[in-house]
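Participant: Give me coordinates for this.
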Amino acid sequence: MEPPRDGVTRPRASPAVATANGDTDSHRAFDALGDALGDAMSTRRRPAAQKSGDAVATADRATRARGRRGPFTLPGDAREKEKKSGGACSAWFCAVCDVEDAPEWMIFNPHIRSGYRVGARWLGATRSVFMHHNETVNIWTHLLGFLMFVALIVRTYRTATSGVGLAAPPEHWVTGADVARVERIQYATRWRQEIKRDWDALHAIDVAMHERLANTSQKQHIVAGVKGVKGELLDITHELAEHLRRGEEVFKVEKRRRALRQSLESVEKALDSIENAGGADLEPIHEQCSALRTKLSQLRAHIKGVPDDPEPARPVTRWPMYVFLSGAVVCLFFSTLCHTYCCVGARDAERMWRLDYLGIAVLIVSSFYPMVHYSYYCLPGWRDMYITGITSLGCLAAIPTLLTAFQKKEYGPLRASLFVALGLFGIFPIFQQILFVWRIVPTPMMEAFVLEMLMGGGYIFGAFLYAQGIPERWYPGLFDFIGCSHNIFHVLVVLSAYAHYKASLIYLTWRDNFTCEADHELLLEWYHLAAHFRYPEL
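Facilitator: Numbers count the residues shown, from 1 in each chain. Next up, the predicted model:
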């Protein structure tokens, strides 16, 4: 026992007791001893009238301290959580709390006051995709955008392999080609689409007929006859497609028409004999036989209107479209991963944000490929220079985003400025072409230019709202779950990327139908100025 300076005898904490109870208990014992000594000393100096009030205040502070939730503490009683979970959080557990209870590394926007996910592991963060929190909209906007661009990749591939190409060039386009050639292109393109629809319809009839006949015992001659009719009609559509693809001379067209008409006559006779002799055996496939007869009459009309001198299909390469669409898929997928798992831990959140920044750089760079490749399709010198330049700049911009020091909050405006500057590099290839055709309206380049400006405006406006925290900075807490600047930015990113896809389709339609012919008319002056670069001789 040791008499303190205030004259009150108090027991000294034994080292053995502290060791037995552990470091935590010893700390608590010493803290309690210090508080008691401080209270005793202060009580000795204060008047007796204040002692009762101080005792109440001290008890109130102790009560608040026991119920206080620090920045790294989950809402609720920690001991109760340990009892329920057996001493550790469940892998599927993910609580949602306010900003006062969230870790500091999780708070990037102080105007978002609630909806923070805490205590989540990887499985819990995965489950939180279907929960209501302040990242739900961010996750789903880019997850749906990711699925949309995957579907666009599939659509582009199917279009490239169908032999039909894109839609016919609009009649109002000023392309530099003569009017007769433009009309031939439009007519032949519409015919390719009609023949492709015929082919798809006949294939659907074939599939339906196979399903109907799989579980029935029909007469073999009826089954063989119907399949023969279907095969003959497919051969006729193939002949028409070949004619439109190769663009044969006029003197061959009439011979082809006669052969196709003879094929149709023989098919019609075969179908009549099958239907007359079929009776009850034809009932399971009666619907398919009617569809074949309908398609027979459509092909007869098509043969009468076969173009005498169709413009041959000359589709250009599609790899720049695949590069852009793949870049959009990568960006949206990385963003979805980031906003899903940025709540797991401080280090994991830092890695997720790096992944998000890398996806942004990939999207910006890949967006240049279709625009530059198709716009400068006939100027390979400038085309290669711009593509090489933007790829190099994109790699340089991606390197700082992967550095740990670059992840600090104070570098947020610098990161945004770096990506905006990378996107503004597109001013040079876009305006270089527009400089020569802006007086001629409407050209394909000008229509694509409008969509490109919408894309750039969407990106920049979304980045501005995100940097300024609008509108949540005006009404903190009102836009925690939906409508905040980050939500708006995500929606604008998807819409802007889709606008760029539509602009790329304009470039692709233009080059599919006119390749370099229009450039010699619309960009004749530009070709003279670029004579020291390589460009194809037509």
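Participant: Please count neighbours and contacts with C-alpha atoms only from this point.
Facilitator: OK.
Participant: By residue count, tell me the biggest helix in the protein.
Facilitator: Assignment by DSSP state H gives helix 179-214 as the longest helix of the chain.
Participant: Ramachandran angles for Glu311?
Facilitator: With angles defined as degrees, to the nearest 10, Glu311 sits at phi -80, psi 120.
Participant: quick one: it and Trp191 touch, right?
Facilitator: No - between Glu311 and Trp191 there is no contact under C-alpha atoms under 8 Å: 10.8 Å.
Participant: Common neighbours of those two, please.
Facilitator: When C-alpha atoms under 8 Å, 6 or more residues apart in numbering defines a contact, the residues bordering Glu311 and Trp191 alike are Leu244.
Participant: if we can go back for a sec, quick check: buried residues in the longest helix of the chain?
Facilitator: Within helix 179-214, the residues that count as buried by 16 or more other C-alpha atoms under 10 Å are 182-196, 198-199, 201-202, 205-206, 209.
Participant: Now do that helix, average pLDDT.
Facilitator: Averaged across helix 179-214, pLDDT comes to 76.
Participant: before we move on, what about stretch 310-321?
Facilitator: For stretch 310-321, the mean per-residue pLDDT is 82.
Participant: Show me what counts as buried in it.
Facilitator: Pro310, Glu311, Pro312, Ala313, Pro315, Val316, Pro320, Met321.
Participant: quick one: which two of those residues are the most distant?
Facilitator: Pro310 and Pro320 (27.9 Å; C-alpha to C-alpha).
Participant: Any chance you could list what contacts stretch 472-484?
Facilitator: Stretch 472-484 is contacted from outside by 111-115, 132-137, 469-471, 485, using C-alpha under 8 Å, 6+ apart.
Participant: from these, which ones fall inside strands?
Facilitator: Residues of those located in strands (DSSP state E): Ser114, Gly115.
Participant: I would like a PyMOL command selecting only the buried ones among the contacts of stretch 472-484, please.
Facilitator: Applied in PyMOL, the following selects the buried portion of the contacts of stretch 472-484 according to 16+ other C-alpha under 10 Å:
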select buried, resi 111+112+113+114+115+133+134+135+136+137+469+470+471+485
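Participant: right, and out of the contacts of stretch 472-484, which lies closest to Trp173?
Facilitator: Out of the contacts of stretch 472-484, the member with the shortest distance to Trp173 (by C-alpha to C-alpha) is Ser485, at 38.6 Å.
Participant: Any idea how many residues pack against the closest residue in space to that closest one that isn't next to it in sequence?
Facilitator: Leaving aside its chain neighbours, Ser485 sits nearest to Tyr466 (4.9 Å; criterion: C-alpha to C-alpha, 6 or more residues apart in numbering). Neighbours of Tyr466 under the rule other C-alpha atoms under 10 Å: 21.
Participant: likewise Val96?
Facilitator: 21.
Participant: same thing with Pro170?
Facilitator: Neighbours of Pro170 (other C-alpha under 10 Å): 12.
Participant: Need the pLDDT of it.
Facilitator: On the pLDDT scale, Pro170 is placed at 79.
Participant: residue contacts, it?
Facilitator: Contacts of Pro170 by C-alpha under 8 Å, 6+ apart are Gln186.
Participant: Please determine how far it is located from Leu244.
Facilitator: 19 Å (C-alpha to C-alpha, to the nearest Å).
Participant: Over to Val137?
Facilitator: Val137 is 48 Å from Leu244, by C-alpha to C-alpha.
Participant: Return the set of buried residues in stretch 490-503.
Facilitator: 490-501, 503.
Participant: what does that stretch contact?
Facilitator: Against stretch 490-503 from outside (C-alpha under 8 Å, 6+ apart): 138, 141-142, 145, 328, 367, 371, 447-449, 451-452, 454-456, 458-459, 462.
Participant: And the helices in the stretch 401-538 of the chain, which stretches?
Facilitator: Here the stretch 401-538 of the chain has its helices, by DSSP state H, counting those that start in this stretch, at 412-424, 427-437, 444-468, 485-514, 519-522, 524-529.
Participant: orientation of the first one relative to helix 444-468 in degrees?
Facilitator: In this case it means helix 412-424. 180 degrees (axes from the mean of the first three to the mean of the last three C-alpha atoms, to 10 degrees).
Participant: Helix or strand next in line after the longest helix of the chain, which one?
Facilitator: On the C-terminal side of helix 179-214, the closest following helix or strand by DSSP states H and E is helix 220-246.
Participant: Please pull up the helix or strand immediately following that following helix.
Facilitator: helix 250-278.
Participant: Packing partners of that next one?
Facilitator: Contacts defined by 3 or more C-alpha pairs under 8 Å, 6 or more residues apart in numbering; DSSP states H and E place helix 250-278 against helix 220-246, helix 286-304.
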